[in-house]
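Q: the sequence and its predicted three-dimensional model are supplied below.
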Amino acid sequence: MTDIDDLVQRVAIRAASGSTDLPAPVGDTQIAEAEAQLGFALHPLLARLYREVADGGFGPDYRLLPLLGPGSSVAGEYLTRREASVGVEHPEWPEGVVPILTWGCAMYAGVDCLSEHGQVLLFEPNPYSGGSWAPCWFLDSASLAAWLETWLAGTGWFEEDTFDGDDLVEPRPWEQAAHRVSSGA
């Protein structure tokens, strides 16, 4: 079991050491505003990261998006993707999954705010060939805490040096994808 207070502290130290222009953390007002826009609560650990570490700008590779604001943000990307999924035969984006960073090439890491542990999902649109978007969703980590631990340890699939590792755990198909993208939840 991960001590969340210790994890947040280690993430903050790594974030500060990796950036000279780290954005300031957000306050409770911004968290409440984001949750009002989203229509649900952020996963508690995700909210703590934005409240105690920074408003994005840290994390693996392309780094976490800001929570709110002009341009690409957690709330903005979620609302855009959900709007495009409403009333269509094959919705792309499930309710409650907030994009937290882009991997480039239209790929996103997202946190499932409706799951107890905040599982981290990978949206990779390249398998899409018409019909359901379910094959484009992968489980990257069973929890946001575990995902952060892989980043801190440098052992995530997204780390350049881990491609040769025997113990590399790659994202696997998200078993709930078909239900979640079709039901809107």
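A: Yep, that arrived.
Q: any regions of this structure where pLDDT drops low?
A: 1-2, 159-169, 183-185 (pLDDT under 70).
Q: distance check, the residue nearest to Ala106 when sequence neighbours are not counted against Trp174.
A: Nearest non-adjacent residue to Ala106, counting by Cβ to Cβ, 6 or more residues apart in numbering: Pro125, 5.0 Å away. C-beta coordinates here come from the backbone N, C-alpha and C atoms, glycine included. For Pro125, the distance to Trp174 (Cβ to Cβ, to the nearest Å) stands at 14 Å.
Q: quick one, which of those two is more surrounded?
A: Taking other Cβ atoms under 10 Å, Pro125 and Trp174 do not tie; Trp174 has more neighbours (24 against 14).
Q: I figured that one hits Trp137, correct?
A: Yes - contact criterion Cβ atoms under 8 Å: Trp174 and Trp137 qualify, at 4.2 Å.
Q: shared neighbours, the two?
A: Here Trp174 and Trp137 share the contacting residues Leu121, Arg180, scored by Cβ atoms under 8 Å, 6 or more residues apart in numbering.
Q: list the buried residues for stretch 126-134?
A: Ser132, Trp133, Ala134 (16 or more other Cβ atoms under 10 Å).
Q: contacts for it, please.
A: In contact with stretch 126-134 (Cβ under 8 Å, 6+ apart) are residues 90-93, 105, 125, 135-136, 174, 177-178, 181-182.
Q: then stretch 105-124?
A: 38, 40-46, 60, 77, 93-103, 125-126, 136-145, 147, 171, 174, 185.
Q: so of the residues you listed, which ones are in strands?
A: Within these, residues falling in strands by DSSP state E are Val97, Val98, Pro99, Ile100, Leu101, Thr102, Trp103, Trp137, Phe138, Leu139, Asp140, Ser141.
Q: the residue nearest the centre of the chain in helix, strand or coil?
A: The centre of the chain sits closest to Gly110, judged by Cα atoms, centre = their mean, with a distance of 2.7 Å. Each residue gets one of three states, and Gly110 gets strand by DSSP: H, G, I helix; E, B strand; the rest coil.
Q: which parts of the longest helix anywhere in the chain are buried?
A: In the chain, taking DSSP state H as the definition, the longest helix is helix 4-18. By neighbour count on 16+ other Cβ under 10 Å, the buried set for helix 4-18 is Leu7, Val8, Val11, Ala12, Arg14, Ala15.
Q: Phe58 touches Ala15, doesn't it?
A: Yes - Phe58 lies in contact with Ala15 (Cβ under 8 Å); the separation is 3.4 Å.
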